[in-house]
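Novice: Pasting the sequence and the predicted coordinates here, then a few questions.
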Amino acid sequence: VDITNSGMAEIQWHQYNNARSCFYSKVKLDDNQDSFTFLQMDIVSGVFLVDGLPNKSLPKSVSSSDIYNRLFGTSMFVVQLTGLGGYRTQMSINDTYFEFYPGTCLHEEDQKKLG
C-alpha cells in the first residue's frame, strides 16, 4: 500500500499477516541520520504508534521550562517521538511543525532575538 503524505516522501506500508487491519512501515525521517523509525497503524481502531509508542504530550521538563512558557505560554501540543530523542508536533501550526528536545536550550543569539 502506497500512501503519499504532504511533507514526507512516499511511505511503503506493509500489512501484518495475522491482522488484516494492521500495517507497519520503516522510514528514515532525516537523510542525515543512519537510524530508522518504525511506524504502525491499525485502520480500524485508529491506533498510530511511532517506535511502539502512542501520541503523547510533552514531558514536564520541556513544558515547564522558562523558554517554553515565554514562547508558548500554557499551550499544550500533541506530539510524537522523533526517533532522535525529541518530540515533534503531530499537526502543523501555521504551516510549521515544532520540535522539542529535553535538556536543550536556545543559543544566546536566539534568546536575545526573543527579548
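Specialist: Yep, it's here. Predicted model only: the values in this text are computed from it and were never measured.
Novice: who's in contact with residue 85?
Specialist: For residue 85, the contact set (CB atoms under 8 Å, 6 or more residues apart in numbering) comprises 101, 102. Where C-beta positions appear, they are placed from N, C-alpha and C, glycine not excepted.
Novice: Let's test this: what are the backbone torsions at it?
Specialist: phi 90, psi 10 (degrees, to the nearest 10).
Novice: I'd like the average pLDDT over stretch 67-80.
Specialist: Computed over stretch 67-80, the mean pLDDT rounds to 87.
Novice: Quick one: the strands in this structure, in order.
Specialist: Ranges of strands within the chain are 2-3, 11-12, 14-15, 22-27, 37-42, 48-50, 56-57, 78-81, 87-89, 99-100, based on DSSP state E.
Novice: Which parts of this structure are helices?
Specialist: Along the chain, counting by DSSP state H, helices occupy 60-63, 66-72, 108-114.
Novice: Okay, buried residues for the second one please.
Specialist: Residues of helix 66-72 classed as buried under the neighbour-count rule (16 or more other CB atoms under 10 Å) are residue 72.
Novice: Residue 24: neighbour count?
Specialist: Close neighbours of residue 24, defined as other CB atoms under 10 Å, add up to 13.
Novice: Ok, residue 37 next?
Specialist: Applying other CB under 10 Å, we find 18 residues neighbouring residue 37.
Novice: pretty sure it is touching residue 50, no?
Specialist: Yes - using CB atoms under 8 Å, residue 37 is in contact with residue 50, at 6.2 Å.
Novice: Could you list the low-confidence segments of this structure?
Specialist: Within the chain, the stretches with pLDDT under 70 are 1-9, 29-33, 83, 104-115.
Novice: Give the bridge partners for residue 81, please.
Specialist: With DSSP bridges as the criterion, residue 81 is bridged to residue 87.
Novice: From residue 101, how far off is it?
Specialist: Distance of residue 81 to residue 101, given as CB to CB, to the nearest Å: 11 Å.
Novice: how far does stretch 44-54 stretch from start to finish?
Specialist: Counting by CA to CA, to the nearest Å, you get 16 Å between the two ends of stretch 44-54.
Novice: now swap in stretch 45-55 and tell me
Specialist: 14 Å.
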